[in-house]
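Trainee: From the sequence below, what's the structure:
(one chain, ligands or ions: 2)
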Amino acid sequence: MSEKSFILIVDDLERNRNLLKQYVDDLGYLTALANNGLEALDLINDVMPDLILLDMKMPIMDGYETLDQLKSDLKLRHIPVIMISAYGEMENVIPCIKRGAIDYLAKPFEPILLEARIESALSLKNLLDHEEEYRKKIENYSIQLESETLKRTSELSQTQLRLIHRLGRASEYKDNETGMHVVRISHYCSKLGEAFGWAKESCELIYNASPLHDVGKIGIPEHILLKPEKLNHDEWAIMKTHTTIGAEILKGGGSELETMAKKIALTHHEKWDGTGYPQGLQEEDIPIEGRIVAIADVFDNLTSERPFKEKWPIEDAVDFIENASGTEFDPEMVKNFLKILPDVIEIKNEYPD
Ligand SMILES: [Fe+2]
Ligand SMILES: [Fe+2]
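Mentor: Numbering: from 1, shown residues only. Ligands and ions are numbered 1, 2, ... in the order given. Now for the predicted structure:
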């Protein structure tokens, strides 16, 4: 046992205190003395002992009350207490053990017994202290591990999201080299979702899913994709397949993001009146994500320069969208679009080609 262990002796009889102190000093421990429980508690406030030797019968505050006070205090309850009992007081020791004292010493003191009891109490305390120390270490380690796992998960999902946006840009690379079209689409769509009363998570979802709306363009031959003139009937039929190709590329993922991205790829050219492609869906049969991307996509295409068309002024594009309310676009969506028009213009200026 460490020689530096600190033992508090509490006894109202000076003779007993000094005798005990003598023994304990001789065993190489540090000691402090108190006359009664109140004095002991006062002392403990200043220095935390490793062990308390506690007399039972004392004026002001006796051993029972002192024990109760110690055991009801979270900071003090771990200090082991050995009761000091007179020869005839054995029956009084039992309630003390029940109150949480770990052992007792009967007067007159037998030095060998005293040494053994003190050592075993301090060993127990030492063990409990270490256990507490290890528990804290394990707790800290788990917290650290958890935060590292979270960090890694979020790094991974950040990477995944970046890859999705990169794939979106790749799909538009041939006819929109800067790739800013898909960046703007993300922002428009999330704003439209917001205007539609969507929760933040859904707005984030469409922010990340919408860049893949034209991923199927990867499967369209360049001479059709980049043709400056109007496409003929057959070419147009091939052009239209970018929706089904996109859905094919995105199918079977199962995550919310992949499911939404697939829906968008398939339905972003459907029209409210049923004249769109590939399925000719009508009104609310068109998934809302498709209706959102449709309006964002058309607006951005109209207001951007492409190999086959000039850039339209914003006012003209807005006129076009307003006029197509109820035919090409969901009227409710057009209303929302007009509501967020200042945001749309801001996004357009912030992410130019
Ligand atoms: Fe498209
Ligand atoms: Fe597009």
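Trainee: So the residue of the stretch 251-353 of the chain found nearest ligand 2: helix, strand or coil?
Mentor: With C-beta to the ion as the measure, residue 297 is the residue of the stretch 251-353 of the chain nearest to ligand 2, at 4.4 Å. The way it works is simple: take the backbone N, C-alpha and C, and place the C-beta from them, glycine included. Under DSSP: H, G, I helix; E, B strand; the rest coil, residue 297 falls in the helix class.
Trainee: With adjacent residues omitted, what lies nearest to it?
Mentor: Taking C-beta to C-beta, 6 or more residues apart in numbering as the measure, residue 297 lies nearest to residue 268, with 5.9 Å between them; neighbours along the chain are not counted.
Trainee: So for the longest helix belonging to the chain, mean pLDDT?
Mentor: In the chain, ranked by residue count with DSSP state H as the criterion, the top helix is helix 111-172. Computed over helix 111-172, the mean pLDDT rounds to 86.
Trainee: Surely residue 74 is in a strand?
Mentor: No: for residue 74, which was evaluated using three-state DSSP, the result is coil, with no strand membership.
Trainee: Which parts of this protein are strands?
Mentor: Per DSSP state E, the chain has strands spanning 6-10, 30-34, 51-55, 81-85, 103-106. These are given in chain order.
Trainee: Any idea which of those gets closest to residue 202?
Mentor: Among the strands of the chain, strand 81-85 comes nearest to residue 202, with 61.2 Å by C-beta to C-beta.
Trainee: which secondary structure elements does that closest one contact?
Mentor: With contacts taken as 3 or more C-beta pairs under 8 Å, 6 or more residues apart in numbering; DSSP states H and E, strand 81-85 sits against strand 51-55, helix 63-71, helix 90-98, strand 103-106, helix 111-172.
Trainee: what do you get if the cut-off is 6 Å, keeping everything else the same?
Mentor: In this structure, strand 81-85 makes packing contacts with strand 51-55, helix 90-98, strand 103-106, judged by 3 or more C-beta pairs under 6 Å, 6 or more residues apart in numbering; DSSP states H and E.
Trainee: For it, which strands pair with it and how are they oriented?
Mentor: The strands that strand 81-85 pairs with in its sheet are strand 51-55 (parallel), strand 103-106 (parallel) (by DSSP bridges).
Trainee: deepest of those strands, which one?
Mentor: Most buried of the strands paired with strand 81-85 by mean neighbour count (mean count of other C-beta atoms under 10 Å) is strand 51-55; its value is a mean of 27.
Trainee: which residues are in contact with the worst-scoring helix or strand of the chain on mean pLDDT?
Mentor: One helix or strand of the chain scores below all others by mean pLDDT, DSSP states H and E: helix 90-98, with a mean of 83. The list of residues contacting helix 90-98 from outside it, by C-beta atoms under 6 Å, 6 or more residues apart in numbering, reads 56, 83, 85, 104.
Trainee: buried residues in that helix?
Mentor: Burial within helix 90-98, assessed by neighbour count using 16 or more other C-beta atoms under 10 Å, is assigned to 92, 93, 96.
Trainee: how about low-confidence regions in the stretch 201-350 of the chain?
Mentor: 307-308 (pLDDT under 70).
Trainee: change it to 90
Mentor: Across the stretch 201-350 of the chain, residues meeting the criterion (pLDDT under 90) sit at 222, 225-230, 252-255, 305-311.
Trainee: Could you show which parts of it are in contact with ligand 2?
Mentor: Neighbours of ligand 2 within the stretch 201-350 of the chain, by C-beta under 5 Å from the ion: 214, 297.
Trainee: ok, which stretches of the stretch 201-350 of the chain are helices?
Mentor: 222-225, 233-240, 242-250, 256-267, 288-302, 314-323, 331-339, 341-350 (DSSP state H, counting those that start in this stretch).
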